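Q: Structure for the following, please:
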Amino acid sequence: MHCGAVSLRVRDLDRVADYYRALLGLEVMDRTRDSIALGAGGVALLHLNARPGAPYEPPNQAGLFHTAFLMPTRGDLARWVMHVAAARIPVTGASDHSVSEAIYLDDPEGNGIEVYGDRPRERWQWSNGVVTMGTNRLDVDALLTLARADGARYQGAPAGLRVGHVHLRVGDIPRGRGFYREMVGLDPTRERAGASFLSSGGYHHHVAINTWQSAGAGARDLQRTGLDWFSLTVADPALLDAQAARLERAGARVRPLEGGGIAAADPWGTTLRLVPAG
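A: I've put the predicted structure just below:
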């Protein structure tokens, strides 16, 4: 499984779309009166749906912690960092996570964003199925030096830009881990206080969940702004069938998607789409 796309409910459609276009250089792939699809390399990554006047989802509720956009190479990340610095786009943080280098931001409506680059997999450290992911100071100067040495400017989203992982706010870690592990089939890769990280195929994580602000949160109010749905692409049709069966046995409402795949809600009402790859 891999992350596919993320869909957000937003109050100001044009303002939010313009932000992501300026931030990442995403291209408009489709537009209607009430929605915009943005992507890179012909792949839709972010769907924005207009909800004028909707109340903002507070950060102590279940929902989106951040959407993480994965740069194809460290050079791409370095050029993007130079672009952000030149454009004076505010950032909220930066970290060296051992497996990756990451910059954090918030969009105009408070939806969290991570832009990151992975280190080579052979440098990831695993022990008994647990990956080392630190939270250390990011060497931003090294990235800027790389960008200057390269000499090329960030010319918009590289064709290989993808959603690398999705990080969610949940109300309870064991319950969330049960859904994403037991029903969806992701493997846990790391636990830390108030958080759990899960992946497919030996990646450091495709989905993360935390209760850092949202411990005890109940069902989401789907009339508010924030995360509408996110998708995981599933390469094996048999796995998709097994996921549907597990979800139905657990009492989840599973609905088919036009074009293939299924959708189901996690315990807090966040919709996960499981779609066939390709």
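Q: Can you get me a residue count around Ala5?
A: Counted with other C-beta atoms under 10 Å, residues neighbouring Ala5 total 23. Any C-beta I mention is one placed from the backbone N, CA and C, and that applies to glycine too.
Q: Ignore what I typed, I meant Ala159.
A: A total of 10 residues lie near Ala159 under the criterion other C-beta under 10 Å.
Q: who's in contact with it?
A: 40-42, 72 (C-beta atoms under 8 Å, 6 or more residues apart in numbering).
Q: Kindly reformat the residues you listed as a markdown table containing secondary structure, pLDDT and neighbour count.
A: Shown next, in a markdown table, are these (DSSP: H, G, I helix; E, B strand; the rest coil; pLDDT from 0 to 100; neighbours: other C-beta atoms under 10 Å):
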| residue | secondary structure | pLDDT | neighbour count |
| --- | --- | --- | --- |
| Ala40 | strand | 98 | 22 |
| Gly41 | coil | 97 | 13 |
| Gly42 | coil | 96 | 8 |
| Pro72 | coil | 98 | 17 |
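Q: can you name the two of the residues you listed that are farthest apart?
A: Gly42 and Pro72 (14.4 Å; C-beta to C-beta).
Q: Check which helices and strands the helix or strand containing Leu227 is in contact with.
A: Element membership for Leu227, per DSSP states H and E: strand 226-234. Counting contacts by 3 or more C-beta pairs under 8 Å, 6 or more residues apart in numbering; DSSP states H and E, strand 226-234 is packed against strand 2-10, strand 63-70, strand 162-169, strand 271-276.
Q: by contact count, what packs against the last one?
A: Packed against strand 271-276, as judged by 3+ C-beta pairs under 8 Å, 6+ apart, are the following elements: strand 226-234, helix 237-249, strand 262-265.
Q: Show me which residues of stretch 125-144 are buried.
A: For stretch 125-144, the neighbour count (16 or more other C-beta atoms under 10 Å) marks 131, 133, 138, 140, 143 as buried.
Q: My error: substitute stretch 77-89 in the last question.
A: Using 16+ other C-beta under 10 Å as the test for burial, stretch 77-89 gives 77-84.
Q: For these, give me CSV that also has distance to Gly269 and pLDDT.
A: Listed next are these as CSV, based on distance: C-beta to C-beta, whole Å; pLDDT from 0 to 100:
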residue, distance to Gly269, pLDDT
Leu77, 34, 98
Ala78, 39, 98
Arg79, 38, 98
Trp80, 33, 98
Val81, 35, 98
Met82, 40, 97
His83, 36, 97
Val84, 33, 97
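Q: would you turn the helices and strands packed on strand 271-276 into CSV with mean neighbour count and distance to Asp106?
A: Below are the helices and strands packed on strand 271-276 laid out as CSV (neighbours: other C-beta atoms under 10 Å; distance: least, C-beta to C-beta, whole Å):
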stretch, mean neighbour count, distance to Asp106
strand 226-234, 22, 12
helix 237-249, 15, 32
strand 262-265, 20, 25
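Q: Nearest approach to Ala68 belongs to which of these?
A: When the helices and strands packed on strand 271-276 are ranked by proximity to Ala68 (C-beta to C-beta), strand 226-234 comes first, at 11.0 Å.
Q: Which element, helix or strand, includes the closest residue to Phe69 other than its chain neighbours?
A: Of all residues not flanking Phe69 in the chain, Val115 sits nearest, at 5.0 Å (C-beta to C-beta, 6 or more residues apart in numbering). If you go by DSSP H and E, Val115 is part of strand 112-118.
Q: For that strand, name the packing helices and strands.
A: Going by 3+ C-beta pairs under 8 Å, 6+ apart, strand 112-118 lies up against helix 13-24, strand 63-70, helix 74-87, strand 100-106, strand 162-169.
Q: got the ones you listed as a markdown table, with distance to Ser7 columns?
A: A markdown table is the format used below for the helices and strands packed on strand 112-118 (distance: least, C-beta to C-beta, whole Å):
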| stretch | distance to Ser7 |
| --- | --- |
| helix 13-24 | 12 |
| strand 63-70 | 10 |
| helix 74-87 | 23 |
| strand 100-106 | 18 |
| strand 162-169 | 11 |
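Q: Parallel or antiparallel, which strands does the strand holding Leu227 pair with?
A: The strands that strand 226-234 pairs with in its sheet are strand 2-10 (antiparallel), strand 271-276 (parallel) (by DSSP bridges).
Q: Render the CA-only coordinates of that strand in CSV, please.
A: The C-alpha trace of strand 226-234 is given here as CSV (Å, rounded to 0.1, in the frame of the first residue of the first chain):
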residue,chain,number,x,y,z
GLY,A,226,-10.6,20.0,7.7
LEU,A,227,-9.8,16.5,6.3
ASP,A,228,-12.6,15.1,4.2
TRP,A,229,-10.9,11.8,3.2
PHE,A,230,-7.5,10.3,2.3
SER,A,231,-6.7,7.3,0.2
LEU,A,232,-4.3,4.4,0.2
THR,A,233,-3.6,2.6,-3.0
VAL,A,234,-3.6,-1.2,-2.8
